[in-house]
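K.L.:
output the structure for:
(chains A and B)
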Amino acid sequence: QKEVEQDPGPLSVPEGAIVSLNCTYSNSAFQYFMWYRQYSRKGPELLMYTYSSGNKEDGRFTAQVDKSSKYISLFIRDSQPSDSATYLCAMSWNTGNQFYFGTGTSLTVIP
Amino acid sequence: KAGVTQTPRYLIKTRGQQVTLSCSPISGHRSVSWYQQTPGQGLQFLFEYFSETQRNKGNFPGRFSGRQFSNSRSEMNVSTLELGDSALYLCASSPDRPGTEAFFGQGTRLTVV
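P.N.:
Just a heads-up that it's a prediction; the model follows:
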C-alpha cells in the first residue's frame, strides 16, 4: 500500500465549476500537508501549505485536512482554463524535508 | 528573490555512463532535496541535504548519490546509467525548519538511450 493515495483522474469540468481534489494517507505521523500544481514539462508549484488539521483559504483555493480520517482536500472555486494542470498532494513529518507525494490528478477546465 | 535553478534542463546519456546534475537553492535556504519523477511512479524522494550533510535518504540504489557545498548548492550523481533512470529529476529548496514548504526547480529531463 502506498503511503499517499490520490485519484489520477483525469477530471474535466466546465469553466466556473467548483473542483474537489482529494488524497488519503496511511501514516498518522504526517503533520505537514501541501498541494502543488504542475504544468506540463514544468516543476511543481506550491499552492497551499497546512500544518495539522483544519482549513486554510487563499483566494479561490481552500485546503482542508482531516487527520482523524487521514484525508486531505483541495477545493478550487470559480475554476479557470488556466487551472488546467496536474495537482499533487504532498505530506511530511517533522524529521527533515522528506515529502511523500500522491501520483497527481490531471484537471482540465473547459472554457 | 530568485527561485531554484537546475542545470542542465535536458540531458541525453548512453547506458553505462554517469551524469551529474546541479541545483542552486533559493538564497538563505540550507535544505535541498532531490526527487525522481516518472509517469508510473510519480515523485519519489531520493535524498535531502542540510548544511552539507545528508539528513534523509530514500530507497534508491547506491548508484544515486549527492553532495552539498558550503554555499548550499547541491549536485546529484548517477553512475552506471540504466534505461529505467530516464526521468525528470527535481530539486527542492526548503527553509531551515523541518517539514516546511518545498519550492521546486524546473527539473532536469534525463533520457538514457
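K.L.:
use CA for all of it now, contacts and neighbours both
P.N.:
Will do.
K.L.:
dump the residue contacts of the residue nearest the centre of chain B.
P.N.:
Residue closest to the mean C-alpha point of chain B, counted by Cα atoms, centre = their mean, is B:Trp34 at 3.2 Å. The contact partners of B:Trp34, by Cα atoms under 8 Å, 6 or more residues apart in numbering or on different chains, come to B:45-48, B:76, B:89-92.
K.L.:
run through the residues of chain A sitting next to chain B.
P.N.:
A:31-32, A:34, A:41-46, A:49, A:92-104 (Cα under 8 Å from any Cα of the partner chain).
K.L.:
among these, name the ones in strands.
P.N.:
A:32, A:34, A:45-46, A:49, A:92, A:100-101 (DSSP state E).
K.L.:
A:Ile72 falls within a strand, correct?
P.N.:
Yes. Assessed by DSSP: H, G, I helix; E, B strand; the rest coil, A:Ile72 belongs to a strand.
K.L.:
distance between the ends of stretch A:99-111?
P.N.:
One end of stretch A:99-111 to the other measures 34 Å (Cα to Cα, to the nearest Å).
K.L.:
for chain A, what are the low-confidence residue spans?
P.N.:
A:1 (pLDDT under 70).
K.L.:
repeat for chain B
P.N.:
Ranges of chain B meeting pLDDT under 70: B:1, B:98-99.
K.L.:
which residues in it form strands?
P.N.:
B:5-7, B:10-13, B:19-24, B:31-38, B:42-50, B:53-57, B:64-68, B:74-78, B:87-94, B:103-104, B:108-112.
K.L.:
report how many residues lie close to the residue nearest to B:Lys57 when sequence neighbours are not counted.
P.N.:
Ranked by Cα to Cα, 6 or more residues apart in numbering or on different chains and with sequence neighbours excluded, the top spatial neighbour of B:Lys57 is B:Phe47, at 4.2 Å. B:Phe47 has 24 neighbours, counted by other Cα atoms under 10 Å in any protein chain shown.
K.L.:
much appreciated, bye for now.
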